[in-house]
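Peer 1: sequence-free structure coming up:
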């Protein structure tokens, strides 16, 4: 019985421990605006150019990007590099076997990565790469220690170096400083990552805006119907009460 109580206590405390462990990593606020179709279109372009080479989005079809204001011809001409028809799924040409041989593990599918990780996590992660000679790829990340993914957009951001601070007996990354400029200014790179994260959030649930709008309409209807139903009930029961 005592062991059972200890087990139940640990089980109940696990979410608290996990939250406390995750709370130590500062996450920057992602500029998500699903009503900004220009941002979503720019994010889609970044996604197919830099992410879709290794990662798939097997729950998304190219043709669904018409919902963010793109025509079928624009999708064919500018965004389809690994497919022939707009109705095809956004799969990568790299096989799982090749991915495992090259990277040690197959890169995860990104269809719902924003729902799994959160927009703020992705926004901080994609801006948090820095040089680290102790890792296999030569890169590390402020929110994912010993990350296996290389910094595929380093030519845009440039190379960042960590600056440490002491917390107790340990040194932790305090901030990153640019040591080798990329083709973009840091503000431009951050804006581009914001567009990419915006697209990833939209891709995780393309109908999110419509769902929220429908939810508002339903709540308004229920509010009006409640008033009608209340007075109808009073009229029906007036002779009894």
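Peer 2: Cool, got the structure. For clarity, every value in this text was computed on a predicted model and none was experimentally measured. Numbers count the residues shown, from 1 in each chain.
Peer 1: Could you check how far residue 222 is from residue 160?
Peer 2: 51 Å (C-beta to C-beta, to the nearest Å). C-beta: built from backbone N, CA, C; applies to glycine.
Peer 1: which one of these two has more residues nearby?
Peer 2: residue 160 (23 against 10; other C-beta atoms under 10 Å).
Peer 1: Do a quick rundown of the strands in the chain.
Peer 2: Using DSSP state E, the strands found in the chain span residues 57-61, 89-90, 129-131, 139-141, 158-167, 170-181.
Peer 1: Low-confidence regions, the chain specifically.
Peer 2: For the chain, applying pLDDT under 70 flags the ranges 1-24, 103-104, 241.
Peer 1: Residue 43 contacts residue 201, doesn't it?
Peer 2: No - counting by C-beta atoms under 8 Å, residue 43 stays clear of residue 201, with 9.0 Å between them.
Peer 1: Run through the residues that contact the closest residue to residue 94 other than its chain neighbours.
Peer 2: Nearest residue to residue 94 in three dimensions, chain neighbours excluded: residue 54, at 6.2 Å (C-beta to C-beta, 6 or more residues apart in numbering). Contacts for residue 54 were tallied using C-beta atoms under 8 Å, 6 or more residues apart in numbering; they are 92, 94, 99, 103, 107, 152.
Peer 1: Could you measure from the residue nearest to the first one when sequence neighbours are not counted over to residue 133?
Peer 2: Right, residue 92. Distances taken as C-beta to C-beta, 6+ apart put residue 56 closest to residue 92, at 4.6 Å, once the chain neighbours are dropped. Plainly put, residue 56 is 31 Å away from residue 133 if you go by C-beta to C-beta.
Peer 1: more neighbours, these two?
Peer 2: Neighbour count, other C-beta under 10 Å: between residue 56 and residue 133, residue 56 has more, with 23 against 7.
Peer 1: quick one: contacts for that one?
Peer 2: 89-92, 109-111.
Peer 1: Distance to residue 181 and neighbour count added to the residues you listed, as TSV?
Peer 2: Below are the contacts of residue 56 laid out as TSV (distance: C-beta to C-beta, whole Å; neighbours: other C-beta atoms under 10 Å):
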residue	distance to residue 181	neighbour count
89	37	13
90	32	26
91	35	15
92	30	21
109	33	16
110	28	25
111	34	19
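Peer 1: In CSV: those residues, plus distance to residue 128.
Peer 2: Shown next, in CSV, are those (distance: C-beta to C-beta, whole Å):
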residue, distance to residue 128
89, 30
90, 25
91, 28
92, 24
109, 22
110, 17
111, 23
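Peer 1: Quick check: of those, which lies closest to residue 184?
Peer 2: residue 110 (22.1 Å; C-beta to C-beta).
Peer 1: Spell out the residue ranges of the helices in the protein.
Peer 2: Secondary structure of the chain, counting by DSSP state H: helices at 2-22, 37-46, 72-78, 96-103, 113-117, 119-126, 154-157, 186-204, 208-237.
Peer 1: among the ones you listed, which is nearest residue 85?
Peer 2: It is, among the helices of the chain and with distance given as C-beta to C-beta, helix 72-78, at 8.8 Å.
Peer 1: Just the buried residues of that closest one, please?
Peer 2: Buried residues in helix 72-78, counting neighbours by 16 or more other C-beta atoms under 10 Å, are found at 75-76.
Peer 1: what's that helix packed up against?
Peer 2: Packing contacts for helix 72-78, counted by 3 or more C-beta pairs under 8 Å, 6 or more residues apart in numbering; DSSP states H and E, involve no helix or strand.
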